[in-house]
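Q: 3D model of this:
(one chain, ligands or ions: 1)
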Amino acid sequence: MLKKCIAVAAIFFAAAAVNAQEKPVYLDDSKPLNLRVEDALQRMTLEEKIAFIHAQSKFSAPGVPRLGIPEVWTTDGPHGIRPEVKWDEWDQAGWTNDRCTAFPALTCLAATWNKDMSSLYGKSIGEEARFRNKNILLGPGVNIYRSPLNGRNFEYMGEDPFLAGQMVVPYIKGVQSNGVAACVKHFALNNQETNRNTVNVVVDDRALYEIYLPAFKAAVQQGGAWSIMGSYNKYKGQQNCHNQYLLNDILKGEWGFEGVVVSDWGGVHDGMQPIFNGLDLEFGTWTDGLNTGNTNAYDNYYLAKPYLDKIKSGKVGTKELDDKVRRVLRLCFLTTLDRNRPYGSFATPEHALAGRKIAEEGIVLLQNNNNLLPIDLNKTKRIAVIGENAIKAMTVGGGSSSLKANYEVSPLDGIKNIVGNKAEVVYARGYVGDPNSNYNGVVFGADLTEKRPAEELLAEAVKLAKSADIVIFVGGLNKSPYQDDEGYDRKEYALPYNQDKVVSELAKANKNLVFVNISGNAVAMPWVKQVPAIVQGWYLGTETGNALARVLVGDVNPSGKLPFTFPVSLADNPAKAVGEFPGGDEVHYTEGIFVGYRYADKQNIKPLFPFGHGLSYTSFSYGKVSVDKSKVNADDKVTFSVKVKNTGKRDGAEIVQLYISDLKSSLTRPVKELKGFEKVYLKAGEEKTVSITVDKEALSYFDDKKHAWVAEPGDFEAIIGASSADVKNKVKFTLK
Ligand code: BGC
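A: Just a heads-up that it's a prediction; the model follows:
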C-alpha cells in the first residue's frame, strides 16, 4: 500500500513539475508518436528502463513514476475481466467491486461467423477493462484447434486459420478503441496443455505458415494488435517466450510487428535469450500463472537486476534494452497516456445484452429430427430438465479465464423464466460430475453436493422423463481438471461422468429428447441416432440460461455454425490418427496441413458433425454460383455471387461459406479451404444475393522451399457450401 501511495504521489509531483515548465515533447500529444517515444526514452535512467520492462506485482509493471508515465496493468482475458488478486499472491484480494460481465467463450464467438459480433465483443470487454483501469487485456486467443482433447480449446477460435483470422481482427479493434491494448495469445503452436511448459513442437514450415500462424498474422497486420503473448511451449528447441525464429524472424521481421511481446506468466527461463530473442515485457516468472509464486522475486526476474548487472559489467549492450523500452512506451502512449480515451463501463446491462446477443448467435443447432425444436409452448404441458450442467455455474473455473461474474443465469433458471406459467418445468440431476463451483477463492453458485448413489439419480431422472412431454438434457463438459480447463488436457473423447448411459436411458424413456452440450470441445455421441435434437451450447457467460432458453423455445432462430469438426471418434482426428497428441518431450505434428476438415476431406471421412455445420428453424435454398471473370490475373480481385433464399416460415440467418480448391498444383493441397464467408439475414421468403470477393492470397500456398507464398497459375474451383460437407454448387476459374 505504502509503495502505491509513494508511486501515486510521485506521479502527481512529476506532472506538477512538468506543468510548471514548458510541456516536454513526450507529453505533447500534438507531436508524432515516435518523437514522443524517443523523447521519453532519452529522459529515462538505465535503472528506470530496467524497471519498465518487468513486473512489479502479479499483474502490473511500474511505468516511470518520475516522468508521470503510469503503471501498466494487465488483466485476463479473454472472456471477462479477472477478479483482483493480492499484490504479490494469487489469492483473491477480496474486492467487492470487481464482479464483471462474463462474455461467451471465444469458441462461441467464432461460431457466430459474424464480424459485427466480434466487434461488439471487443468493444464491450474493452470498456470493462478500461473501467477497471487495465491497459492490457490478456486476450484474445487464436491457437488452432488441433485435437478435441486440448483443455484450452474453449478460449480459442476453432480449427480454421481463415475463420480465426477474420474473427480476431474486429475483437482487437474493439478492445483497442478504448485505449486498452489487446494481447493476442499464445504465440505460437500452443495446442495442448500436457507438458505445456516444456514440450517442443515439431512442425513443418507449410503447416506453420498455412495453419498455425495466419490468425496471429491477421491480428498483427489487420488488427494492429499492440501486444502479443509468447507461449509456454518450445519450437525448434527454444522456449517461445524468447524464440528467435518466432519472435524476431517472423513476428518482428517478416510481419513488422511494432508492439510489445509479453511473456506468458512464468514462460521465461533464461538469462540471455530474452535479451536478444524478442521478448519485451516479463511477467509471472517462477509461477505457473495460477498458484505457485515466489514472493517479492521481481528484482530477480531475468529482465531485472540480472540484466542490469550484465549491462553494467559490459557483458551486453543497451541496444536491445532501448528497443524493448520503446515498444512499451509506445503501448503506454496509446493507452494510459491517451488523454482522449473513453472512461469505459463495467458490468452494465448493455454488456449483459451484448453477451446475450453473441451467445444467441453462436449457439449451434446440430441436429433437429422431426423438427422437435423449437419447443411449442402452446402444446407442451410438462418439461423435464435433466443434467448437472443445467444448474452448474460455468463462469468460474477453467484456469486463468475464470471469472467473478456479476451474475450467471443457469440453463434451468433461463428455461423456467421463459416458460413462466405456460408449462410445468421439473428438474432432476441425473448424474454427479463435479459439485464444485469455485475457483481460486471465488465461490460462485450453489453447493451441488449430492450423496445419493448413481442408480438412484438415474432412476429419478428416467421417471421424470417418462412423465414429461419433452426432455432437455443439459450436460457436456465443465471447467474442472481434465475437462475444459487450462493446465490439463482431456483424458478421453467420451463424455465424462457416465453421461452416455444417462442419455441412452433418457432416450428410451422419452422420444422427445434434446441434448444440450455445454462445452468448448467436440465430444463423442454414440447415441446420436437415438436423440432427435442436439444443441451445442458452449460456455455462454452471464446470460447463459436466457440465451439458451430463447433458442430452445424459438424466440431466437439459431444461426451459429461449428468452428471445428466433431469427429465420430478420436481415430478420425488427424492429431491422433497421423500425428501425435500429446507426445512426450516432443510432439510431432505429422499430419502437417491436414487439420480438421482438411483431413476429413482428404480421407473421405464423414464426421459426426462437419466444420461449418449448423441448422436453423427455417430452410434456405441456394442458386447457382457465378464468377465475375473466369480468367484472372495475379493482381485481380475475383467476386463470386450466389442467390440465397429463405424458403421457410421464420426469419433467419444463413452462413454462406466459400471454399477454394486448387485443381492441379505442384505441392499437395487440401481438397478445399475456407477463403470467405458471409452471414446473411433473411426474412421468411426473402432472397438476397451474397457476393464474396477474394484476391490471390486466397489461391496461394506456402512454398517451403522458396519460403514464399505462391499462387500457381492454373484452374481453380470456387465451392459454395452451407458447411464443409454440404456443398451447394461450384464454379471454375483460371489464374493466368
Ligand atoms: C496463461 C495465460 C494468462 C496468464 C495470466 C497463464 O497461465 O497461460 O493465458 O493470461 O496465465 O493469468
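
Q: so who does Asp469 touch?
A: Lys379, Thr380, Lys381, Arg382, Ile383, Ala423, Asn512 (C-beta atoms under 8 Å, 6 or more residues apart in numbering). Where you see a C-beta, it was placed from the backbone N, CA and C, and this is true even at glycine.

Q: please redo it, this time with the cut-off set to 6 Å
A: By C-beta atoms under 6 Å, 6 or more residues apart in numbering, the contact list for Asp469 reads Thr380, Lys381, Arg382.

Q: I'd like the next helix or strand past the lowest-mean-pLDDT helix or strand in the chain.
A: In the chain, the helix or strand scored least confidently by mean pLDDT, DSSP states H and E is helix 2-20, which has a mean of 50. Counting by DSSP states H and E, the next helix or strand C-terminal to helix 2-20 is helix 33-43.

Q: helices and strands around that following helix, which ones?
A: When contacts are defined as 3 or more C-beta pairs under 6 Å, 6 or more residues apart in numbering; DSSP states H and E, helix 33-43 packs onto helix 319-334.

Q: the helix it packs on vs helix 33-43, what angle?
A: Relative orientation of helix 319-334 versus helix 33-43 (axes from the mean of the first three to the mean of the last three C-alpha atoms, to 10 degrees): 120 degrees.

Q: pLDDT weak spots in the stretch 151-300 of the chain?
A: 288-296 (pLDDT under 70).

Q: ok, which stretches of it are helices?
A: Using DSSP state H, counting those that start in this stretch, the helices of the stretch 151-300 of the chain run over 161-176, 205-207, 214-221, 273-276.

Q: ok, the stretch 301-450 of the chain next?
A: Taking DSSP H, counting those that start in this stretch, the helices of the stretch 301-450 of the chain run over residues 305-312, 319-334, 349-362, 411-419.

Q: buried residues, stretch 80-92. List them.
A: Of the residues in stretch 80-92, Gly80, Ile81, Arg82, Pro83, Glu84, Val85, Trp87, Trp90, Gln92 count as buried by neighbour count, 16 or more other C-beta atoms under 10 Å.

Q: between these, which is closest to the ligand?
A: Distance ranking of the buried residues of stretch 80-92 against the ligand, using C-beta to the nearest ligand atom, places Arg82 first at 7.0 Å.

Q: tell me which residues touch the closest one, please.
A: Residues near Arg82 by C-beta under 6 Å, 6+ apart: Thr75, Asp76.

Q: hmm, 7 Å instead?
A: Contact analysis of Arg82 by C-beta atoms under 7 Å, 6 or more residues apart in numbering lists Thr75, Asp76, Leu403.

Q: next: Gln221.
A: Residues near Gln221 by C-beta under 7 Å, 6+ apart: Trp255.

Q: sorry, back to before: generate a ChimeraX selection restricted to the buried subset of the contacts of Asp469.
A: Command for ChimeraX, covering only those of the contacts of Asp469 found buried under the criterion 16+ other C-beta under 10 Å:
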select :380
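
Q: can I get the contacts of Asp469 in a markdown table including distance to the ligand?
A: As requested, the contacts of Asp469 are arranged in a markdown table below (distance: C-beta to the nearest ligand atom, whole Å):
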| residue | distance to the ligand |
| --- | --- |
| Thr380 | 43 |
| Lys381 | 47 |
| Arg382 | 44 |
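
Q: mind listing which of the contacts of Asp469 are in strands?
A: Residues of the contacts of Asp469 located in strands (DSSP state E): Arg382.

Q: just the contacts of Asp469 now: which is nearest Glu686?
A: Of all these, Glu686 sits closest to Thr380, with 29.7 Å by C-beta to C-beta.

Q: got the phi/psi numbers for that closest one?
A: Here is the backbone geometry of Thr380 (degrees, to the nearest 10): phi -110, psi 130.

Q: residue contacts, the residue most central in space within the chain?
A: In the chain, the residue lying closest to the centroid (C-alpha atoms, centre = their mean) is Tyr156, at 2.9 Å. Going by C-beta under 7 Å, 6+ apart, Tyr156 touches Leu106, Thr107, Gly141, Val142, Asn143, Tyr145.

Q: repeat for Met157
A: Listed by C-beta under 7 Å, 6+ apart, the contact set of Met157 reads Leu106, Leu109, Ala110, Val142, Leu163, Ala164, Met167, Val168, Ala215, Pro563.

Q: ok, now with 8 Å
A: Met157 neighbours (C-beta under 8 Å, 6+ apart): 106-107, 109-110, 140-142, 163-164, 167-168, 215, 563.

Q: the residue nearest to Asn646 when sequence neighbours are not counted pairs with what?
A: Leaving out its chain neighbours, the residue that sits closest to Asn646 by C-beta to C-beta, 6 or more residues apart in numbering is Leu682, at 3.7 Å. Applying DSSP bridges to Leu682 yields these beta-bridge partners: Gly652.

Q: pLDDT wise, what is Leu682 at?
A: Leu682 carries a pLDDT score of 98 in this model.

Q: closest one to the ligand among the helices of the stretch 301-450 of the chain?
A: The ligand lies closest, by C-beta to the nearest ligand atom, to one member of the helices of the stretch 301-450 of the chain: helix 319-334, at 16.3 Å.

Q: show residues contacting that closest one.
A: 33, 36-38, 40-41, 44, 49-50, 52-53, 61, 63, 69-70, 72, 135-136, 176, 179, 181, 226-227, 258-261, 275-276, 279-281, 303, 307, 311.

Q: swap in stretch 523-536?
A: Residues from elsewhere that reach stretch 523-536, judged by C-beta under 8 Å, 6+ apart: 111, 148, 363-370, 372-373, 476-477, 493-495, 500, 503-504, 507-508, 511-517, 519, 548, 551-552, 558, 560, 562, 566, 568-569, 608.

Q: pLDDT averaged over it - what is it?
A: The average pLDDT for stretch 523-536 rounds to 98.

Q: start and end of that stretch, how far apart?
A: For stretch 523-536, the first and last residues are 10 Å from each other (C-alpha to C-alpha, to the nearest Å).

Q: which of the contacts of helix 319-334 come close to the ligand?
A: Residues of the contacts of helix 319-334 in contact with the ligand (C-beta under 6 Å from any ligand atom): none.

Q: and the helices of the stretch 301-450 of the chain, which is most packed in?
A: Comparing the helices of the stretch 301-450 of the chain by mean neighbour count (mean count of other C-beta atoms under 10 Å), helix 349-362 ranks first with a mean of 23.

Q: what about the residue of the stretch 551-700 of the chain found nearest the ligand, how many neighbours?
A: Closest residue of the stretch 551-700 of the chain to the ligand, C-beta to the nearest ligand atom: Pro582 (16.2 Å). Neighbourhood size, Pro582 [other C-beta atoms under 10 Å]: 17.

Q: just the one 3 residues further on next, same as before
A: Neighbours of Asp585 under the rule other C-beta under 10 Å: 9.

Q: quick check: phi and psi at it.
A: Per-residue torsions, Asp585: phi -70, psi -30 (degrees, to the nearest 10).

Q: so stretch 185-199, near the ligand or not?
A: Yes: judged by C-beta under 6 Å from any ligand atom, stretch 185-199 and the ligand are in contact via Lys185.

Q: mind listing what's buried in that stretch?
A: Across stretch 185-199, burial judged by 16+ other C-beta under 10 Å covers 185-196, 199.

Q: on that earlier part again, which one of the contacts of Asp469 is nearest Val731?
A: Among those, Thr380 lies closest to Val731 (C-beta to C-beta), at 45.5 Å.

Q: which ones are touching that closest one?
A: Lys422, Ala423, Asp469, Ile470.

Q: same question for Gly596.
A: By C-beta under 8 Å, 6+ apart, Gly596 lies in contact with Tyr145, Glu159, Asp160, Phe564, Thr565, Pro574, Phe611.
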